[in-house]
Every structure is written in structure tokens, then in C-alpha cells.
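Undergrad: heads up, no residue letters with this:
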């Protein structure tokens, strides 16, 4: 039966929803997929985002949906294509339809997007998505014990998403910009998609105000023994101590027991980490600082080409390196204490070397004198470590500038080369695995044939054994043979006597 891959048509929405409900039966309802389609403001902006594989009767056999989003990476928005509703009916599986649709999505609606994400069970399906260059990013949750204060100094009330939409978005974007991975939201997304999600999953929103200004909110399911927090955000402009207090009271408000389940955040924004390290003279001269600068350059490469660096709230990597050089210059000139410590270490090391040499000289025998003199000549040619070399080995000089001044382009070339080598190795491994799998299948087929032949021989042997048993049951035995011999002997004796009598008769017999 011929299978055709194409975009979903506007008159096939109900059929597509029935398909998803059929494939994910028991895991999600039809209303769940309908909400994804009708409540998401960008879900139906293009029918090319929903790809289906149909048979000759126009029956949907498989489907893949691309979810257009904007993702925060290093505080900037990049285009992201989510992969959802990857589904194939049972009778059409093992034909590669899902893979064909994913490849079509990568070439089609996701061609102009920077990154793609999906949620799946990696242990069960990770090997399938790895073929399309997806990598695993585990999602973790932690259990936290909640302390319930006797009296709360904050006003915490239920939150209306539509009425407080602007304040929620202000807190969300201010807080989420510290991390890499959160979705960029707008009013339509919050009021329609998030609100419908809360309704389907029975999630309640609570907020707290300070002088009639929303300073924090939390989304959590209602009436559950172990409260699993959906989302919590605090105004990032507040002091850290106040943020912590607001978070504790919000969590205690929604917690039904002593413990709650919290999702761990995404990777923190590198700009915030670099900004903190730049302000600390003890940290902005470390190798970790240099590595973060390189990572920051790679993250800038993910931004759109028309992204203007002058609009950043944080300096560009070149400016960071220039400032770092300025910070390091006075640090090199004011290191008398470090030089003193290194000089003492140098003297101590030299004294220890002299003592070791002297102890070896005490144990010298005439036979060892020739070899020792040769060793002394080699030792004398070794240069004594200087303070500068020790400082360089300990990472206290500007020798790290060579590392920090490496261009981002060179790093990208090396990264691309390594990725190319890894890809080739992966292809070779896949080819070996495929050939090994084929050989295993051939061996399994041979073993199966041998088993069938053995079974046929066993059945034939059982048949012959049954026939032999019948012959044994119905054939002559020893006692039967003796009985027959006795009968023949008696008959022979009788005939002999009859003949004797017949030969001696004197009258006719009849």
C-alpha cells in the first residue's frame, strides 16, 4: 500500500485529533491534543507545521507536529522548533514512517530554526532520536522539606492570569532571563495556552503583592499529597534575602504536606556568572573565567544574524577580555607577598634537592662512582626552576592570556572537526552494528531451521517407537512359541498313531 507524506489539510483537524487520541490511548485524551492545537497561538500559523503520512485511502497512518517557539539562550531569543505528537498507528509501524516525517520536518518547517527540542523517554526511545542528532538533556526534580511559618507577613491570594497578565510576564521574563532554555511568552500564550493547561491539569496560581505590586507567583496542582511545583518565579530586582523569604512563603502556601517536588532550573545564564566574577578580582583571573568567556562566545553564535551587540545589557566577549587585561595588569605589579611565598618554596625545594644529593653521595661505592659522575653531569645541566616558571605553572602570570585570547572562530572550527569525526565514528559503529545484527538474524534463522529439523526427527522417532511397540505387543513371545510347538507335536503324534492303526486294519474303514 502506497504511503504519501504531506502537510495536514484544514478539513482534517478532527481526523488528526482522532488519530492522536487513538495512538496515545490511555496516556492523553482527545481534549488534551485539541488544547495543544486550538489554545496555542502559533500552532496553526502554518499547516506545514503538521505533517502526516496517509495511505491510498487518505487514512492517517503517522504524524509529526512542529511547535514553533522562541527560546531564551543567554538572555536572547532564538527560534526553536519543538517536536510533538510523533505518533504511528500499530498496523503501520516498522515501516520507518516516523523517521520519514521527522526528516521532512527538519528539511521543511524547522529549516530556518536554530534549535529543536522534544520530550520523551530517553531509555526507551533515545536511540531513535539520536539518529537525527538529538542529544539527551535530563530533567530532574528534587524533594524539598517545607517549613510552615506561624504567621505570614505577606499577602498571598489566588492569581488571575488574565487580570495580572502584564505583572506575571514582567516577573517571568526578568527571572527566566537568568537561565538558558525557558520559553519566551506573550499575553496570548499566557492567557490562552497556560490557562488551558492549568484547567486541564487542575493547577492553581497564587501570587504575593508588596505595596499593590506583584513580586512573586507560584503554579501548583491543587489537593495532591506530594505537591509538584509547576512553576515559581520571584521578582529578580529584589534583594536575595527577600526573594528567598517570598519563595518560602509561597511554597508553604501551596504545600499540603511536609515535602514538595521542585523541578531543577535550566543552566544559568553565562552573562550573570561572568558579571559576578568580573566584580571579584580573585575570580576574574582564573581559568574558569576564561572558559566562560569562550562559552559565551559560542552562545552568541546562536543568536540571529541581525542581532545588535550594542543593545546588550552585558559587554561583548572582546570588551570582557579588554577589561580583564586591565584588571590583571595591577595585580601583577602588586604581588610581593606571592613572590615572597614562591621564593621560599624555591629555596625549600632547592635545599631538599641538595640534601637528597648529599644522602646519595654518602652511599656511593667505587663501583658506582662512574655512573654517579655521569648523573651529576646530567643533573648540572638542568636549569633551576625560577619564580616566573613556578608562577606560570601555578597559573599566576599572564600566560593564561594566550588561552583566553584564542578566537571563537578557531574554537568553532575545532568543535566542528571533532563533531565531524564523532559523526563518522558513529556512522561506522552503526554500520558495524547493522552488519552484526544481520549476521545475528542469519544465525537465528539457521538455528530455527535446525530446531525444526530436530523436531521433525523427534516426531519420526516417536512414530517408529510406537510401531515397534505395537509389533512387540502383537508378535510371538517365548511362551506362545512353546505352546505352538507343543500343539504341533501333539498333532504329529496323533497323526502317527492314526497311520499305525490304519495300516493294521482288517476290515474296511467305511
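TA: Now that the structure is in, tell me what you want to look at. Owing to the predicted nature of the structure, the values given are computational and were not obtained by experimental measurement.

Undergrad: low-confidence ranges in the stretch 351-500 of the chain?
TA: Applying pLDDT under 70 to the stretch 351-500 of the chain flags residues 351-412, 474-477.

Undergrad: And the helices in it?
TA: Along the stretch 351-500 of the chain, counting by DSSP state H, counting those that start in this stretch, helices occupy 366-381, 387-393, 400-404, 408-474, 478-503.

Undergrad: Output the contacting helices and strands for the longest one.
TA: Read that as helix 408-474. helix 287-300 (3 or more Cβ pairs under 8 Å, 6 or more residues apart in numbering; DSSP states H and E). C-beta coordinates here come from the backbone N, C-alpha and C atoms, glycine included.

Undergrad: So which of the helices of the stretch 351-500 of the chain is nearest residue 172?
TA: helix 408-474 (30.7 Å; Cβ to Cβ).

Undergrad: what residue is smack in the middle of the protein?
TA: Among the residues of the chain, the one closest to the centroid is residue 136, at 2.1 Å (Cα atoms, centre = their mean).

Undergrad: so which of the helices of the stretch 351-500 of the chain gets nearest residue 209?
TA: helix 408-474 (44.5 Å).

Undergrad: what's the spacing between that closest one and its chain's center?
TA: Centroid separation between helix 408-474 and its chain, computed with Cα atoms, centre = their mean, to the nearest Å, is 29 Å.

Undergrad: picking that back up, quick one: residues contacting the residue nearest to the centre of the chain.
TA: 122, 126 (Cβ atoms under 8 Å, 6 or more residues apart in numbering).

Undergrad: Is it in a helix, a strand, or coil?
TA: coil (DSSP: H, G, I helix; E, B strand; the rest coil).

Undergrad: Which pLDDT value goes with it?
TA: Note on residue 136: pLDDT of 80.

Undergrad: and of the helices of the stretch 351-500 of the chain, who's closest to residue 159?
TA: Nearest to residue 159, of those and by Cβ to Cβ, is helix 408-474 at 42.9 Å.

Undergrad: Which stretches in the stretch 51-200 of the chain count as helices?
TA: 97-107, 122-130, 165-176, 187-188, 195-201.

Undergrad: if we can go back for a sec, take the helices of the stretch 351-500 of the chain and write them to a markdown table, including distance to residue 226 and mean neighbour count.
TA: Shown next, in a markdown table, are the helices of the stretch 351-500 of the chain (distance: least, Cβ to Cβ, whole Å; neighbours: other Cβ atoms under 10 Å):
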| stretch | distance to residue 226 | mean neighbour count |
| --- | --- | --- |
| helix 366-381 | 69 | 10 |
| helix 387-393 | 52 | 15 |
| helix 400-404 | 47 | 14 |
| helix 408-474 | 40 | 10 |
| helix 478-503 | 84 | 10 |
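
Undergrad: of all the ones you listed, which lies closest to residue 53?
TA: helix 408-474 (23.9 Å).

Undergrad: how many neighbours does residue 221 have?
TA: For residue 221, the neighbour count with other Cβ atoms under 10 Å is 17.

Undergrad: Renumber starting at 112 from here on
TA: Sure thing, new numbering starts at 112, so read that last one as residue 332.

Undergrad: Looking at strand pairing, list the partners for it.
TA: On the basis of DSSP bridges, residue 332 is bridged to residue 314.

Undergrad: Contacts only, for it.
TA: Residue 332 neighbours (Cβ under 8 Å, 6+ apart): 312-315, 338-339, 341.
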